[in-house]
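Asks: Just need the structure, nothing else, for what follows:
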Amino acid sequence: QVQLIESGGGLVQAGGSLRLSCAASGRSFSRYGMAWFRQVPGKEREFVSAISWSGGQKYYADSVKGRFTISRDNAKNTFYLQMNSLKPEDTAVYYCATEETPYGLGRAGYNYWGQGTQVTVSS
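Replies: Numbering: from 1, shown residues only. I've put the predicted structure just below:
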């Protein structure tokens, strides 16, 4: 059974940092692009960041560019989202996802999703 499990969320003051992890199990994800999304209650899920299967291409939403960094460790079947200079508007449930088709850029066609981890940034 394929699973993505997020961790690393929590409560942090504005200006602080958190590192989210997404551990994959059930198969190797080394050939698949992956992404992070976030959702606030009552709003649509929004794209945060993506990384290609090779790790060579990375994409960020304008709202997090320069503050968040996506990375992956294929040996551990895990990928990460380092979040610095956090703002109250970053408060959301963060989800990781992986693409269905291998060798992608991490930007579309997600078929596996994690359960989410809550990030709360206080002002």
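
Asks: thought N111 was touching P102?
Replies: No. If you go by C-beta atoms under 8 Å, N111 and P102 don't touch, sitting 11.5 Å apart. C-betas here are computed from N, CA, C, even on glycine.

Asks: count of neighbours near the closest residue to V40 other than its chain neighbours?
Replies: Nearest non-adjacent residue to V40, counting by C-beta to C-beta, 6 or more residues apart in numbering: A92, 4.9 Å away. When neighbours are defined as other C-beta atoms under 10 Å, A92 has 22 of them.

Asks: Show me where the protein has its strands.
Replies: Remark: strands assigned in the chain by DSSP state E are 3-7, 10-13, 18-25, 34-39, 46-51, 58-60, 68-73, 78-83, 92-99, 110-113, 117-122.

Asks: Who are the packing partners of the fourth one?
Replies: Put plainly, it is strand 34-39. strand 18-25, strand 46-51, strand 92-99 (3 or more C-beta pairs under 8 Å, 6 or more residues apart in numbering; DSSP states H and E).

Asks: Pull out the buried positions in the least confident helix or strand in the chain by mean pLDDT.
Replies: Using mean pLDDT, DSSP states H and E, strand 110-113 stands out as the lowest-scoring helix or strand of the chain, at a mean of 93. The neighbour-count check on strand 110-113 (16 or more other C-beta atoms under 10 Å) flags 110, 112 as buried.

Asks: just stretch 97-117 next, same as before
Replies: Going by 16+ other C-beta under 10 Å, stretch 97-117 has these buried residues: 97-99, 104-106, 110, 112, 114, 116-117.
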